[in-house]
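1. Need coordinates for the following:
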Amino acid sequence: MRACGWQGHDRGWWHSAFPEAAESAPAAAARLAVTELRTRGAAGPQELSAREAGVDDRGELWLPGLGIRTY
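-> Just a heads-up that it's a prediction; the model follows:
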């Protein structure tokens, strides 16, 4: 998982941190999520759906159906 870009593991969640002020942070988070989805076998957006996603008060992006948390 670290080779894919994940930085740590905590209570069943892999996570990575991106500097809030960095212009490249949103693109880096998106690349990590897309890489994870492709690793899991998704070939295109037609194969994906989201039942829950959110950003909390600390700016953490949660994609619980994928087990993805980025902050």
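2. Provide a list of residues in contact with V55.
-> L61, W62 (C-beta atoms under 8 Å, 6 or more residues apart in numbering). C-beta coordinates here come from the backbone N, C-alpha and C atoms, glycine included.
3. in this structure, which spans are helices?
-> 25-39 (DSSP state H).
4. how about the strands in it?
-> Applying DSSP state E to the chain gives strands spanning 8-10, 13-16, 54-55, 61-63, 68-70.
5. Can you say which of those is packed in most?
-> strand 68-70 (a mean of 20; mean count of other C-beta atoms under 10 Å).
6. which regions of the chain sit below the pLDDT cut-off?
-> The model of the chain has pLDDT under 70 over residues 50, 64-71.
7. quick one: the residue nearest to A42 when sequence neighbours are not counted and W14, what's the gap?
-> Spatial nearest neighbour of A42, excluding adjacent residues (C-beta to C-beta, 6 or more residues apart in numbering): L48 at 5.9 Å. Distance of L48 to W14, computed by C-beta to C-beta, to the nearest Å: 18 Å.
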